[in-house]
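*Asks:* Build the 3D model from these lines:
(one chain, ligands or ions: 2)
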Amino acid sequence: MLAQRYVFVECSLAELPQFHWNKSLGLVIDAPLEAETDVQRIIHGCRAVPKINPGITFLVDQLARQYMVRAHALGAETIIPRPLQESTVFTVIDDMLVRARKDIWSSQFGAEAAGLVAGTDVLENLFQFAVSGTKLTQYELYDRGDTVIDTLADTGLGRWVEAVKAHHSQTFRHSLLVTGVAVGFGQHLGMRRDDLRRLAVSGLVHDIGKAAIPLSLLEKPGALTKDEVAIVRQHTTLGRDILLRQGGFTPEMIDVVTHHHEMLDGSGYPDGLAGNDIKDLVRVVTISDIFAALIEQRAYKLPMPNEVAYAHLSKMEGKLDMSLVDAFRPIAMETRLAA
Ligand SMILES: [Fe+2]
Ligand SMILES: [Fe+2]
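*Replies:* Ligands and ions are numbered 1, 2, ... in the order given. Predicted coordinates for the structure are as follows:
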């Protein structure tokens, strides 16, 4: 179950002391809590776990008082009872990772932390909405968009990109990167604050439809089949549906989510739009999106150096707005994703 969603290492309690914790965000313990000897083994194993490590989740046989008391005494932040349900396990562990990441961001990154937390808040809320129906108000969205813009103005794109790499979800990393690149581009183009704000929120939500696509396809380590490509492409229209249900998004943002894979020559999807039917805000996001995807590391490919990625964009004449691609050059040169 965990393998569908997380990168994790499995080990026995006896092996815990040898484990390297430096990049871990949490610990899930699945061990019996029946007898005092079980508890002693866990205490011994956990002694090796550094205090900075934020979360411990326990899987227990049932929600019996004796297990709960023991698990809490052992430092459990959360407890998941059996029989394990995928939705509960994912929600609890996601939550643990979110808290861990926020702690790390605020300790390692100064000024960027506020913008990153704001950006991931939007994504988390929207992704949850796609599953559960919790809403984010328009005011909250713009407020988060503002924080992202202020952060970028303060710290510059380079530091933002460096910090974004710390996120565990590929789709979140990508969305935060696209947002940073697009807002940096917008600032370079001299866009007004209102437009920048629209651009920030559009960047954050552009791939929101991926919340409705199985993770096994999004993070598949190899080429997708024709049928799988067709499913992944649905993230555009699924995203539009999510925003319409959520409400509070302007038509321009819905346009970005639906049409960021359209090409000027009509070869894109989902509607095969061409020329002037593709609006400026969409064009800016499309260029930022393609560039970000090229320089990112994915399960199936290595990252491309930024100069090579930019050369790739400049060969897309006919498909992309070349005056924008020209203007994008300094942003591309500034945006490096060192491994
Ligand atoms: Fe997309
Ligand atoms: Fe994208």
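*Asks:* Isn't T258 up against Q234?
*Replies:* No. T258 lies out of contact with Q234 (C-beta atoms under 8 Å); the separation is 11.3 Å. For glycine as for every other residue, the C-beta is placed from the backbone atoms N, C-alpha and C.
*Asks:* Spit out the residues that contact these two alike.
*Replies:* Common neighbours of T258 and Q234 are listed as P270 (criterion: C-beta atoms under 8 Å, 6 or more residues apart in numbering).
*Asks:* Between those two, which has more neighbouring residues?
*Replies:* T258 (22 against 16; other C-beta atoms under 10 Å).
*Asks:* and that one, what is it in contact with?
*Replies:* With C-beta under 8 Å, 6+ apart, T258 has these contacts: 236-237, 239-240, 270-271.
*Asks:* Where helices are concerned, which of these count?
*Replies:* 236-237, 239-240 (DSSP state H).
*Asks:* Could you check the pLDDT of the closest residue in space to L243 that isn't next to it in sequence?
*Replies:* Leaving aside its sequence neighbours, L243 sits nearest to F249 (C-beta to C-beta, 6 or more residues apart in numbering; 4.5 Å). What the model reports for F249 is a pLDDT of 83.
*Asks:* now for the longest helix seen in the chain, which elements pack on it?
*Replies:* Identified as the longest helix of the chain according to DSSP H is helix 86-108. In terms of contacts (3 or more C-beta pairs under 8 Å, 6 or more residues apart in numbering; DSSP states H and E), helix 86-108 is packed against strand 26-29, strand 55-60, strand 78-81, helix 112-132.
*Asks:* Quick one: closest of those to ligand 2.
*Replies:* helix 112-132 (12.4 Å; C-beta to the ion).
*Asks:* in the host helix or strand of V229, what's buried?
*Replies:* Element membership for V229 (DSSP states H and E) is helix 226-233. Residues 232-233 are the ones in helix 226-233 that count as buried (16 or more other C-beta atoms under 10 Å).
*Asks:* Please see if it touches ligand 2.
*Replies:* No. Applying C-beta under 5 Å from the ion, one finds helix 226-233 separated from ligand 2 by no less than 10.8 Å.
*Asks:* Give me the most central residue, the chain.
*Replies:* Nearest to the geometric centre of the chain sits F172, at 0.9 Å (C-alpha atoms, centre = their mean).
*Asks:* helices and strands around whichever strand or helix holds that residue, which ones?
*Replies:* Using DSSP H and E, F172 sits within helix 170-188. For helix 170-188, the elements it packs on are helix 112-132, helix 138-155, helix 157-164, helix 193-205, helix 280-295, helix 322-334, judged by 3+ C-beta pairs under 8 Å, 6+ apart.
*Asks:* quick one, which of the ones you listed is nearest to ligand 2?
*Replies:* Taking these one by one with C-beta to the ion, helix 280-295 is closest: 4.3 Å.
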